[in-house]
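Novice: coordinates only, sequence not included:
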C-alpha cells in the first residue's frame with residue numbers, strides 16, 4: 001500500500017493548438033534560443049519527487065513551474081512548490097545559477113528571528129536536469145503571487161495553487177506543440193488581493209553579492225535600467241548601489257514608466273551605457289571627476305576633459321520635476337526630496353536604508369491636491 005502521494009495519471013483531455021508561427025512566452029525574450037531551455041512537459045516527474053502541474057512564468061534565462069511535492073504522507077494535504085528551471089548554454093549563465101543557489105543557501109542559514117528574514121523567498125531544494133545541450137540547475141521555491149509591477153507577494157490562500165493545478169488538468173490551456181518541445185501558456189493570475197497588502201518577497205538573487213561593510217566589488221550587477229553609475233563605470237560598488245536601484249525602481253512603480261530608458265539609437269532595443277550616463281547627467285549635472293577617475297570603464301564614455309564622448313545623447317528638459325506626473329504639491333516636493341537621497345552620483349552621498357526609513361514622505365498622508373493631511377501612523381516621525 002502506498003504511503004505517499006502518487007503522481008496523477010496523464011491528462012486525457014487534448015489542449016487546443018496555438019499557431020506555430022506566432023512567438024509566445026519565452027520565445028519572445030531577447031536572443032531566444034530553444035536549445036537553452038529545458039523542454040519541460042506537464043505531468044513530468046522531476047527528481048523523483050516533483051510532478052509538474054502547470055506553468056507559472058518565464059524569463060530570458062529560466063522558466064518557472066508549479067509542481068506537486070509527492071514526498072508527503074498520503075493523508076496529508078497537497079503541497080505545491082515553484083520550480084525555477086534555469087536555461088543553459090554559457091559558462092556565465094552557469095555561474096549565475098550557482099551564485100543564486102549559494103546566496104539562497106546562505107540566507108537559509110541566517111538567523112530566522114531577524115525582522116527581515118520573512119521578506120526573502122526561501123530555497124527548499126535544488127537539483128539538475130540534463131539535456132543534450134548541457135545541465136539545467138533547478139531551484140525549488142515557495143510559489144508566490146505576481147502583482148502588477150513585478151512585485152512578488154506571498155499567497156493568502158495556498159489552495160489557489162491546487163485550483164490552478166486541477167484547472168490545468170481538467171481544462172488545459174492552449175499550447176504550442178513543436179517537434180522537440182511544447183511551449184505552454186502561464187497560469188499566474190490569482191486575482192486581486194483580499195487585503196490591501198500582502199507580505200512582499202525579495203526574489204531572484206542570481207546577481208546578488210555577499211559582502212562586508214567597506215568592501216568594494218567590481219563587475220556588472222543589477223538590472224540594466226536600475227544600474228548605479230559606479231557599476232556602469234566599474235569604479236567599485238557596495239551596499240549604496242542597492243539604494244540607487246531602490247530610488248529608480250520606486251519611481252517606476254509610482255510613475256508606471258522607467259525613470260531611465262537608455263536604449264541604443266539604432267533599433268531601440270539594446271541597452272546603451274553611454275545613453276544611460278547621459279540621462280543621469282541630465283538629471284544630476286556633470287559626472288564628478290573623482291568618480292570618472294576611479295572607473296575602470298570610464299575611457300569608454302568620457303573624454304580626457306571629463307565631458308561625455310557624445311554630448312548629443314544628453315536629453316533636454318529632463319528633470320525630476322517635469323518627469324513626475326502622478327503627484328503634485330507638497331507630496332511631490334517631498335517625494336522628489338526623498339528620491340534625491342537615493343539618486344546621486346557619488347555612492348557616499350546617498351542616504352542609508354535607515355535614514356530613508358525615517359523620511360517624512362513615508363509617514364504623511366496627502367490630499368488629492370498634494371497637501372499634507374496628517375501622519376499615516378498617528379504619531380510624529382521623531383517618536384517612531
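Specialist: Perfect, thanks for sending it. What you see is a predicted model; the values in this text were computed from it and never measured.

Novice: those strands in the stretch 201-350 of the chain, which residues are they?
Specialist: Read by DSSP state E, counting those that start in this stretch, the stretch 201-350 of the chain holds no strands at all.

Novice: Show me this protein divided up by domain.
Specialist: Annotated domains of the chain cover 25-201, 224-383 [automatic domain parsing].

Novice: Figure out which of those domains is closest to residue 4.
Specialist: domain 25-201 (5.9 Å; CB to CB). No exception for glycine: its C-beta is placed from N, CA and C like everyone else's.

Novice: Span of the closest one from start to end?
Specialist: End-to-end distance of domain 25-201 (CA to CA, to the nearest Å): 24 Å.

Novice: Buried residues, stretch 7-24. List them.
Specialist: Of the residues in stretch 7-24, 15, 18, 24 count as buried by neighbour count, 16 or more other CB atoms under 10 Å.

Novice: Check stretch 299-309 too.
Specialist: 301, 302, 308.

Novice: Then stretch 120-132?
Specialist: Within stretch 120-132, judged by 16+ other CB under 10 Å, the buried ones are 120, 121, 123, 126, 129.

Novice: which residues in the chain form helices?
Specialist: 91-108, 159-170, 229-232, 240-255, 273-284, 289-294, 320-323, 329-340, 353-357 (DSSP state H).

Novice: Out of the domains of the chain, which is closest to residue 211?
Specialist: The nearest among these, by CB to CB, is domain 224-383 at 6.5 Å.

Novice: can you give me the offset of the closest one from its chain's centre?
Specialist: Centroid separation for domain 224-383 versus its chain: 18 Å, with CA atoms, centre = their mean, to the nearest Å.

Novice: Identify the spatial nearest neighbour of residue 42, chain neighbours not counted.
Specialist: residue 52 (5.6 Å; CB to CB, 6 or more residues apart in numbering).

Novice: State the distance from that neighbour to residue 305.
Specialist: As defined by CB to CB, to the nearest Å, residue 52 lies at a distance of 58 Å from residue 305.

Novice: With residue 335 instead?
Specialist: 35 Å.

Novice: And residue 320, by the same measure?
Specialist: 27 Å.

Novice: for the stretch 101-250 of the chain, which spans come out with low pLDDT?
Specialist: 145-153, 155-157, 189-198 (pLDDT under 70).

Novice: hmm, try it at 80
Specialist: 145-159, 188-200 (pLDDT under 80).

Novice: Go ahead and confirm residue 123 touches residue 140.
Specialist: Yes. At 7.0 Å, residue 123 counts as touching residue 140 under the criterion of CB atoms under 8 Å.

Novice: how far away is residue 185 from residue 17?
Specialist: Counting by CB to CB, the gap from residue 185 to residue 17 is 12 Å.

Novice: And residue 359, by the same measure?
Specialist: For residue 359, the distance to residue 17 - CB to CB - is 54 Å.

Novice: Give the buried residues for stretch 37-50.
Specialist: Neighbour-count burial for stretch 37-50 [16+ other CB under 10 Å]: 37, 38, 39, 40, 42, 46, 49, 50.

Novice: go on, stretch 244-264?
Specialist: Buried, per 16+ other CB under 10 Å, within stretch 244-264: 244-252, 259-260, 262-263.

Novice: list the contacts for the closest residue to residue 140 other than its chain neighbours?
Specialist: Distances taken as CB to CB, 6+ apart put residue 125 closest to residue 140, at 3.8 Å, once the chain neighbours are dropped. Residues counted as contacts of residue 125 (CB atoms under 8 Å, 6 or more residues apart in numbering) are 47, 81, 140.

Novice: Which of those residues fall within strands?
Specialist: 81, 140 (DSSP state E).

Novice: could the contacts of residue 125 be laid out in CSV, adding distance to residue 104?
Specialist: Shown next, in CSV, are these (distance: CB to CB, whole Å):
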residue, distance to residue 104
47, 17
81, 14
140, 10
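
Novice: returning to that earlier point: widest-spaced pair of the buried residues of stretch 37-50?
Specialist: Longest span within these, CB to CB: 37 and 49, 21.6 Å.

Novice: Check residue 274 and give its pLDDT.
Specialist: The confidence metric pLDDT takes the value 92 at residue 274.

Novice: who's in contact with it?
Specialist: Counted by CB under 8 Å, 6+ apart, residue 274 has contacts 300, 301, 308, 309, 310, 313.

Novice: before we move on, what about residue 84?
Specialist: 62, 63, 64, 138, 139, 141.

Novice: Could you do residue 45 as well?
Specialist: Counting by CB under 8 Å, 6+ apart, residue 45 has contacts 7, 51, 52, 70.

Novice: Just the buried ones from the residues you listed, in PyMOL syntax?
Specialist: Remark: buried members of the contacts of residue 45, expressed as a PyMOL selection using 16+ other CB under 10 Å:
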select buried, resi 51+52+70
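
Novice: re earlier: wait, which of the buried residues of stretch 244-264 is closest to residue 214?
Specialist: Looking across the buried residues of stretch 244-264 and measuring by CB to CB, the closest to residue 214 is residue 244, at 18.1 Å.

Novice: Tell me if I'm right that that closest one and residue 226 touch.
Specialist: Yes. Residue 244 lies in contact with residue 226 (CB under 8 Å); the separation is 7.4 Å.

Novice: picking up where we left off before, so what sits against both of residue 185 and residue 17?
Specialist: Contacts common to residue 185 and residue 17, judged by CB under 8 Å, 6+ apart, are 174, 175.
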